[in-house]
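Chemist: dropping a prediction and its sequence here:
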Amino acid sequence: MKIQDTPNRAAFDVKGSQDIRSQFQKDPKQGLKAAAQQFEALFLQMVMKSMRDATPQDGLLNSDQSRFYTGMLDQQMAQNMASSRGGVGFARLIEQQLGRHLDTPKGQDELLAPATAAAKDLPLAVSDVSHLQHRPVLSGLPTSASYGANTSVTPTVSQEAPASSREFVNRVWPHAVEASRSTGIPPVFLIGHSALESGWGRGEIRKPDGTNSFNLFGIKAGKSWTGDTVEAATTEYVDGQPTKVTERFRAYASYEECFRDYANLLRNSPRYTGVIGSQDGTEFARRLQQAGYATDPMYADKLSRIINGPTLRQALIG
């Protein structure tokens, strides 16, 4: 399969990373060229975002929705610029520098290591989705969960819990991608949120018989909920002080059902209108807390640290 050297591919095409990997295996030089172009596109998109942030945002046409679609446009423009007639030159320099290692099998195996190391210092944004790969990192973060339900689930480690953050990401990635399509929120952010709420899958809410509730987001079972439920110990923050209580939570048949219900909640609840379409991880976390997703006064900070932190980044890009 030949990677197109033209800006015909949509910037949100999540198959791009798979195509590059396949191309690199068949033709390392062409694969390197495509990867270098993608890195340049990411750099250009970050430059555009910085320029947008420096521009006054007031006006009748300014809204979360308009900023969302402007971000999509900037991402596509950045990809087009990087793909057309040599781009701005960064891709060519990367290709020349890393291309020196193509002469030996060992060099081919280690070819992408410098680019991966550089990517660790870049902020996660919607533009990262097209090139993220699942790679292991054997570390995790402690659970600090709560929901618009204003709760914090006490972790209960099970034998089915994933052994690493990489395994957790691999398990939920397809469902996060589907939820992303309906909410406009990058799947990376959704995975970060589920990781915070479930302790990277190690603290998932269990039913009395030990089976999984698949509730990765700590979603409470309110009066309108007619599905299965499960009780779990939680922490409510009252006047900034943690208080242990027991609450009922929604129980699902699968992770797919959980992510679908979570996406429906964000889309259909008026208080989460500002969350839909968030393209910045820190802003996404802040808007969730402002909407009343949690009572923990440090919730936005904790979520932001996971979304922008090394554990999630390593689980995604290796």
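Modeler: Good, I have the coordinates.
Chemist: and Gln241, what are its bridge partners?
Modeler: For Gln241, the beta-bridge partners are Val238 (DSSP bridges).
Chemist: give me the domain ranges for the chain.
Modeler: 16-130, 165-317 (automatic domain parsing).
Chemist: mean neighbour count, the ones you listed: which tops it?
Modeler: Among the domains of the chain, the stretch with the highest mean neighbour count (mean count of other C-beta atoms under 10 Å) is domain 165-317, at a mean of 19. For glycine as for every other residue, the C-beta is placed from the backbone atoms N, C-alpha and C.
Chemist: I'd like the average pLDDT over it.
Modeler: Average pLDDT, domain 165-317: 93.
Chemist: any weak-confidence spans in the stretch 1-150 of the chain?
Modeler: 1-25, 57-61, 64-65, 84-88, 90, 95, 97-150 (pLDDT under 70).
Chemist: show me where the chain has strands.
Modeler: Using DSSP state E, the strands found in the chain span residues 229-238, 241-250.
Chemist: which one of the ones you listed lies closest to Lys26?
Modeler: Across those, Lys26 has its closest neighbour in strand 241-250 (45.8 Å, C-beta to C-beta).
Chemist: Cys258 against Phe214, yeah?
Modeler: Yes. Cys258 is within contact range of Phe214, at 4.9 Å (criterion: C-beta atoms under 8 Å).
Chemist: against Thr295, how distant is Val238?
Modeler: As judged by C-beta to C-beta, to the nearest Å, Val238 and Thr295 stand 8 Å apart.
Chemist: now do Gly31
Modeler: Distance, Gly31 to Thr295, using C-beta to C-beta: 48 Å.
Chemist: also Ala35?
Modeler: 44 Å.
Chemist: circling back: what touches both of Cys258 and Phe214?
Modeler: Tyr252 (C-beta atoms under 8 Å, 6 or more residues apart in numbering).
Chemist: state which helix of the protein is the longest.
Modeler: Taking DSSP state H as the criterion, the chain has its longest helix at helix 28-53.
Chemist: which helices and strands does it pack with?
Modeler: Secondary-structure packing of helix 28-53 (3 or more C-beta pairs under 8 Å, 6 or more residues apart in numbering; DSSP states H and E): helix 16-26, helix 64-83, helix 90-99, helix 113-119.
Chemist: thought His175 was touching Phe259, still the case?
Modeler: Yes. Judged on C-beta under 8 Å, Phe259 makes contact with His175 at a distance of 3.9 Å.
Chemist: out of the strands of the chain, flag the one nearest Leu312.
Modeler: So among these, strand 229-238 is nearest, using C-beta to C-beta, at 23.2 Å.
Chemist: which neighbouring elements make contact with that closest one?
Modeler: Contact here means 3+ C-beta pairs under 8 Å, 6+ apart; on that basis strand 229-238 packs against strand 241-250.
Chemist: the strand it packs on vs strand 229-238, what angle?
Modeler: Relative orientation of strand 241-250 versus strand 229-238 (axes from the mean of the first three to the mean of the last three C-alpha atoms, to 10 degrees): 160 degrees.
Chemist: quick revisit: please name whichever of the strands of the chain is nearest to Ala291.
Modeler: Of all the strands of the chain, it is strand 229-238 that lies closest to Ala291, at 15.7 Å by C-beta to C-beta.
Chemist: list phi and psi for Leu216.
Modeler: phi -80, psi -10 (degrees, to the nearest 10).
Chemist: what sits against it?
Modeler: Neighbour list for Leu216: Val172, Ser194, Glu197, Ser198, Gly201, Glu204, Tyr255, Cys258, Phe259, Tyr262 [criterion: C-beta under 8 Å, 6+ apart].
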